[in-house]
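**Q** Sequence plus predicted model, see below.
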Amino acid sequence: MIGADLTCSLIITSDCPAIQELAEELRQVNPIEEITYKGKGPLTLRLAKKYCPHPACPVPAGIIKAIEVEAGLALPKDAIITVTSTHNY
């Protein structure tokens, strides 16, 4: 069983300056806290709000997905976002 003292260490690389700043602060997390909005919610999302200027950035969700997989809380399946438009520009 996964305990409250479980931690995942993170190494995040990115060319994006905002994500680089997030990565400097997000070095270790408790996976259980990352997969729930209970309490303070995921540290990843709190830091994304602090550093990432674009709310639709998919990187924070990808970080949480990687944490889930590493902790054995999810299967290693690709998460894909496909965007289409009904507008003809």
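**A** That came through, no problem. Bear in mind the structure is a predicted one, so any value in this text is a computation, not a measurement.
**Q** how about the helices in this protein?
**A** 17-25, 31-34, 43-51, 59-70 (DSSP state H).
**Q** ok, so what distance separates residue 41 from residue 35?
**A** 10 Å (C-beta to C-beta, to the nearest Å). In this view, the C-beta of every residue, glycine as well, is placed from N, C-alpha and C.
**Q** neighbour-wise, which of the two wins?
**A** residue 35 (16 against 13; other C-beta atoms under 10 Å).
**Q** How about residue 16: what's its closest non-neighbour residue?
**A** residue 59 (7.4 Å; C-beta to C-beta, 6 or more residues apart in numbering).
**Q** and the one you found, what does it touch?
**A** If a contact means C-beta atoms under 8 Å, 6 or more residues apart in numbering, then residue 59 has 14, 16, 19, 22, 48, 52 as its contacts.
**Q** between those, which is nearest residue 7?
**A** residue 22 (17.8 Å; C-beta to C-beta).
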